[in-house]
Structure formats: C-alpha cells, structure tokens
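Enquirer: no sequence on this one, just coordinates:
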C-alpha cells in the first residue's frame, strides 16, 4: 500500500500504528490475515511472523468429513482442526490456532466488511464524528486507588459448567455434547453446545476485542470429541473461560453475555442471538460508550502508557510461553521416561530378591522380603510420579495457557490505541490544511484520552487478576509438589524400616 | 577338536565340562580367548558370546603411545584401554574388558602353557596322582552351622588405600601414581602402583581362580589418569578390592597376599615377587591344599550342588546386570536432562517475576519476591538432583559392579568342577579297560569331593557377604533417597511460606 500524501489515512493500515520491536505485529495483522488470525486459539501468532505455520488446509485429512463423530460444531467444515488434548500436542494446538484464525478474521470483519483493515472505518467514525451517537449502554470508568478502573458490580456471580450430555439431531445422524450452565446468583440453568460458546466468543470479540482481551475458547477437535477425557478437559476449559468472563465487570454486565445465560426458551435465545448480531457498537465504537470521570490525559502520557502496556504484555507473553514450553517438557518427562525408569528400578530389585531366594542359604528371607517391598515401593513411586502432573503442573499450565490467551489479544488492542494516537499526531497537519476543524481535533484528543483511560482500567483489572491468579496457582503448585516429595520420602522410609539390622 | 575314543580326555575341552543353558560358556573360554578373557574386567563375557565385542585393537588410538601421561602400567602398551570414569561409559568399560582379557589369558596360561585349555594339565595331575605332594600351605575346610566353611582367622584386618602420590622415573620421562597401603592390624604401610595391584591380581587369579572368585581390578586407563576424579575413583575401587581380599579367609592368609602388604624394602618385595611367580600350587592344584574334615560326598550330590551354584550365579549375574543397566540409565537422567529441566523451571519462574516487576502495578513486590525465591529453589533442586546419585546410586552401582566382578569368575570355577565330575563319570570305563586302577578312581572321587566342599565353603562365604553387602547398600540407598526427597520437600515448603496469603 503506497503512502498517498493527499490522503492522510493512507498509511494507516500498514503498520505505523504499531511500534513493536519487531515492527511487524500490526503490519502483519493487516496484510497477513492467516498470521494475525492465528491468535484466536494459540494466541501466539500475533506476536510473531506467520512463517512457521503452514496453510490451514494442510491439517485437514479426509477422515474429518467421514468421521461419525462429526457434527455441525463448525459452520465451515473445512476448518476442522486436529486432535488436541492437554499439553502433549502443542504443534497441533498451534496449528489449530491457524485454522481458527480464519473464523476470527471473519468475525472481526462482520460489521466492517468494506475495509481491508478492520480498525479503519470504526476508527474514523469514532475519532472524527462531530457528535457520537448516544449509546444505550454506558461503561463507566472511575478513578480508584490504583488509577482508572472499571466499576465492579456490587454482586458478582459465577457460572457453573457441568453435566455434559450427548444430544443428537437429524434422527441421530448428527450428535453433539451439550453442557449445562448454571448461574450462581440466579441458580437458573441453560444448556449450550460448544458452537454456542463459540458464537458468544465471536460476539464478545467483535464488541469488546479492542478494549478488553477476550481469550480464545479451548480448541475445536474432530476426532475423539466424545471421549471422556476430552469432554472433561473441554468442560474444564469452558468453565475457566466462563469464569473469566463472569469475573470481568464489563463483559459480565453486557447484554449479550447476560442473554447467553438467562434466556428462557429457544425463541428468546434466537431473538437475543439476532439482536446481538445486529449490534453496531462494536470495534473501536465500544469506546463511545465510555465516559471517564476524569480530565483528558495529555498525548505524551497517553502514548507512554500505551507503550508501557505494549512492552509489558509482550514481555509477559514471552515469559508465559517460556514457562509453557518448560512445563510441557517436564510434563512429558514426568509422565513418560521417568516413571518407566522407576518401574524398571522396582522390577530389577524384585528380580534380584527372587534370585536371592533361590540361594538355598539360610536366614535371608527377611532381606529378600524387604528388597521385594523396596521394589514394589519403586513401582508405587513410578505411579505417583506419572500421576503428579495432573495434580499440580496441570493447573500451572492451565493458568499460563489462559494468560497466553489474554496476552495474544494485546497486539490488536495496542494496535487500535497506537492507530488512534497516530491519527491525533497527524491531525495538526489536517487542521492546517483545513481538512478538519480545531474542534474536530479537540474531539479526537478527548476520544483518544477515553481510550487511554479504558486501557488503564483494563490493565488494572488485568494486573489484579494476574497477581491473584499467579499467587494462587504457584502456591498450589508448591504445596502439591511438597506433598508429593513428602509422600515419596514416607514410602521410602517405610520400605527402609523392613530391612533387618545386621 | 574331534573326539578320539582312545583318549578319554579328548572331549574334555570342548564344552562337556560346562552344562550351561546356552552351552558355550566354558566352551568359548577354551576356544575363544578373546571372549572369555573379557571377563577379567567387565566380568560379563564369560556368560555370553563374544559377538558383541570388537577386536581389542579397535579401541586403540594413535594418541595412546604419544601420551605424555603414559607410563609402564602396562607390560604390553598395545592393550591400552579407552577412558572410563564412573558409569557413564559402559561401552568403554566393556571394551576395556575385552582388552584386559588378553592379559588374563596370559596369566592363566603361565603355569599351564603347554595346553590349549588351562584346566587339563593341572586337572590330570590333581585327579590322577597316586600321591599328592604334601603342600606347604594348608587350607582347612570345616563343617559349620551353614555347612562347609573356610576357617576364619581369629583376628581380621583391613587395608587402607590412601594418599595417592605422583611419582616419576627415568628422569621424569615416565610418571605414575603410587598409593599408600596401611594394614589396620600392623599399622605398617607400603607403597604400590596400579601395576603392582595388577600383578597381585594375576597371582591370586592363577593360584585361587578355580576355587575362589577373584574379581577384576578397576579398569586401566590411558588418558586422564592424573585427573583428580579418576584418581579418586580408582583409589576407591582399589580400596574396595583390597577390602574384599582382606575379608576373604583364604586369600587374606595367603603368602603372596601377606607379602604384598608387609615387605620391608625393595629387595624383600622383589624376592617375594619372584617366589610367588614360581609357586606351583596353582590352578586345580589349589584343591590339593584343602582337607575337609568330613566324609566324602557322593557324586550325585556333588553334581547337584555344582549345578545349583551354576544356576544361582548365572541368575544373579543376570539380575545384577539388569540393575546396573537400569542404574546407569537413571544416573544419566539424574545428572543430565532432569536437573536441566529443573533449572529451566527455575529460570522461567524468575523471568516471569522480573516481567511482573515491570508492571507498574502497586503492591505486588511480595509476590514477585516469592516467585523469584521459588525460581531459585528450583535451581537449588536442580543441583540437589544432579549431586544425589553420588550419594546413593553410586554405592548401589559400586556394589553391583563388584558382584558382577565376582559372578564373572564363576563360569571358570563351575567349569573346573564340571570337568572334574565328568572325569569321574568316565572313570568306570577306564577302570574296566584297566587304564586306571580302582584305587585311582577312589582317589578321584575323594578329590572331587574335596573340590565340592571347597565350592560350598566358598559359596557360604559368598552368600554371607552378599547378604550383608546388599542389606547395607540398599539400606543406605533408601535412607539417602528418603533424605533427598525430604530436603526437596523442605525447600519447597520454605519457598511456599514466602507467598503472601490473599
């Protein structure tokens, strides 16, 4: 896209709005939809180039379409993603991310379909409108002890995802899993399939995605979707995702989210669905619903804060991925070679005791019994080692996985902010050439300031959750690890006590 | 070797004496010197075919002869073996074993050099001599609570191997390490180089090797012989070997062994050395020094006992090797990938804390401090894991290594007994054809009976040591392992206690 001097916005989408170290995050978002889109699931690609990922179609085998387990969880059956359970198949997960990306791009484009870069039309409308349409919804931003913050509802609620049931339609030709969602405040339940969660995710992404990180749902999966372990894992992740959404003061109070949890019948659900899909307060326009109770910020401060958020989220993304990589490696070792080795030690000790018992020498049966028990203890330790990651590493991984999801949303968020800032920077020229009025520029500054308040409010929300989550999960990890080692030590002492003292 | 009916001994050396499952243990000893010879160090090849091992020369690089560290630890510089430290290089060790083998074969052949199979000449002399020469030494066998046993000296002693010192000769052109040996009973010291130990080993092997398992010395080594760790390891193993010899009632009381520990000057050492080398009571003739205070055993019982020993030692050899293989694998993991992984976990946690500290959010320094400490704890755990094998697995491995050495001697021992038994079985024919007298046959039975008593005495010694050794070393292992896991748990609890309660 060549810069055209007569059109001050022409350079808009080619990356000027992104000021990343590697420079191509936002750029690639606009020009490489496959790359940026990968963020939806793997939440990693936005920070990187797309080079490492193949074409989505590459992952689709002929088995997918013939699979009996197939249902219409997908609108587009071609975007089927490969099996992914737990942490054992990162690559599959990343690949899944690439595929899912197309549908994210599609989701973001829905209300903005005239433009190659989503940010442009909403941004012009938001920054340059003489008068913003009075929004029906209002999202207040107040100044609290830690700076700008969302207003937290007086009563919070969670949503329990439970009771996965197999349903079917088309005379049993298509089957699916349905989950029961129960709000803790109303105690009322609704049922939803994965595809409904996916719909909700896309609505939230379209509506809030430039102000609030909306982490991706757990991956789709073609084969093994009805296996118990997969269902359990998916439910656990849907639960975590719903809890995140419920915990967010803006998302949880939104009409689309409330409606998702409280419709009373199929008709109400369909009506609400259609309404949400027609919502025009999406993309950058979400900022038009926000009114910070504070004076406008100056542009230098706005830009500094935005850069700081960019740096922090990028650095945390790296840190989280490092931990995930290390954790994955450790998971593999703990569930694979390590317990096998303990098992072998156990077997070797037992074999030896068996040989010893054939010596014909008197008075060694105590020793041989003790060696046999020591061998069995090592077999028990093998099981303990293999089972332990589910008790501790699993949660550390899940939390980091969730945060990877959050962090993967920030390039878009920062991109929108940077884009707005750039526009303001260029606005003096536009005023000088009378393309916009000084009042227009005043409006722009005010609106960018609103965006900055929103970013700070969201970051304060993010940080307080992050601190709580990491404190909890590392505590849990250390506690479980300590217990694990204590259990092993106990077992060894017990085995030791059986040896005769000579 | 074709069976010749006119020579009742002709089938002697081709394996009839060995009744092993795989049939070729003793056979290969006689016809494949490289294979059986491997036993000297690796103590494994006697039980197996030599197919897995290459020609000794294959391991000899040109570096050996040019090595500045070279000294005359070897009589034949071509038998240089590759570097071997610890358990990390089994193959090298096994290879070393093959090379050393040549010198064992040489040692065994010294007094028997007219015959292709060592057992034959001594065996004829021992079984068929009208009157055995009155031996100067006497090795009594008594019947104790557990059956036949050696007579244990009233005072035992150990020999402390210490103070390795670099010496040199030929104006510094050749250098070597000299160890100080101090007897715990006399508190007198002598100095010996490795080559002197090797000389002693060969004398003991030639003299007692068909009655008593004489385990091989620690491997020779060309490069790195002056490195601290190697010297420490070799000294530790020489110590263990000397302790084994001191603990043996027959070996420790022998003239050659006593002389090795108590010569007063170079002249006395050389005289004793020459005398030992001229000793003719070697090989099967060692049994001529033994007089069991018990009635002759019948041939069925003799054969059964011999078979039982063969089965037991073969099975234990398998068991010990299994444990060594597993232990080696575990050693590698504990000193390689596992601590690296804990280190990575530690680093990842610290990186994350570092990122968190840049958030600008207030009041999270406690958490970040705690995560940093948790990260450091995992780095400490990495060191603990890497160092632990030296504290426990090492001893388990050393003990099994020693026993592998013992067990590798049994094919020769069993072979000699089986050979003698076969001769007695064939003796009726010889009596019938008047090739020997009935009195000759009586003598044969008596002498084979003596051998059987000796075997039982040795096995009782072996078993009582085995029970003590395995009890001690597995206790030590379990105790150290329990302490190790307790230490880790403690460190984790300490790290946990630093996390703020939210």
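Expert: That came through fine. Model, not experiment: these values are computed from the prediction.
Enquirer: could you list every residue that touches the closest residue to chain B within the stretch 101-250 of chain A?
Expert: Using Cβ to the nearest Cβ, the single residue of the stretch 101-250 of chain A nearest to chain B is residue A:146, 6.2 Å away. For glycine as for every other residue, the C-beta is placed from the backbone atoms N, C-alpha and C. For residue A:146, the contacting residues are A:460, A:464, B:361, B:362, by Cβ atoms under 8 Å, 6 or more residues apart in numbering or on different chains.
Enquirer: Quick check on these: which are buried?
Expert: For these, a neighbour count by 16 or more other Cβ atoms under 10 Å in any protein chain shown gives the buried set as A:460, B:361.
Enquirer: Point out the ones among the contacts of residue A:146 that are inside helices.
Expert: Within the contacts of residue A:146, residues falling in helices by DSSP state H are A:460, A:464.
Enquirer: can I get the contacts of residue A:146 in CSV with distance to residue B:389 and pLDDT?
Expert: Formatted as CSV, the contacts of residue A:146 follow (distance: Cβ to Cβ, whole Å; pLDDT from 0 to 100):
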residue, distance to residue B:389, pLDDT
A:460, 49, 96
A:464, 45, 95
B:361, 44, 93
B:362, 46, 87
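Enquirer: neighbours around the nearest residue in space to residue A:487 that is not next to it in sequence, how many?
Expert: Distance criterion Cβ to Cβ, 6 or more residues apart in numbering or on different chains; nearest residue to residue A:487, sequence neighbours excluded, is residue A:384 at 6.4 Å. A count of nearby residues for residue A:384, using other Cβ atoms under 10 Å in any protein chain shown, gives 17.
Enquirer: what kind of secondary structure is residue A:384 in?
Expert: Here residue A:384 is recorded as helix under DSSP: H, G, I helix; E, B strand; the rest coil.
Enquirer: Confirm for me that it is in contact with residue A:490.
Expert: No. Residue A:384 is not in contact with residue A:490 according to Cβ atoms under 8 Å; the separation is 10.8 Å.
Enquirer: hmm, back to that, quick one: the residue of the stretch 101-250 of chain A closest to chain B from residue A:484, how far?
Expert: Distance of residue A:146 to residue A:484, computed by Cβ to Cβ, to the nearest Å: 37 Å.
Enquirer: Repeat that for residue A:325.
Expert: 22 Å.
Enquirer: So between the two, which is more surrounded?
Expert: residue A:484 (21 against 14).
Enquirer: helix or strand for that one, which one?
Expert: Assigned by DSSP states H and E, residue A:484 falls within helix A:438-497.
Enquirer: Tally up the residues packed near the residue lying closest to residue A:207 once chain neighbours are set aside, please.
Expert: Using Cβ to Cβ, 6+ apart and skipping residues adjacent in sequence, the residue nearest residue A:207 is residue A:282, 4.9 Å away. If you count neighbours by other Cβ under 10 Å, residue A:282 ends up with 20.
Enquirer: Quick one, grab the pLDDT at residue A:282.
Expert: For residue A:282, the model assigns a pLDDT of 91.
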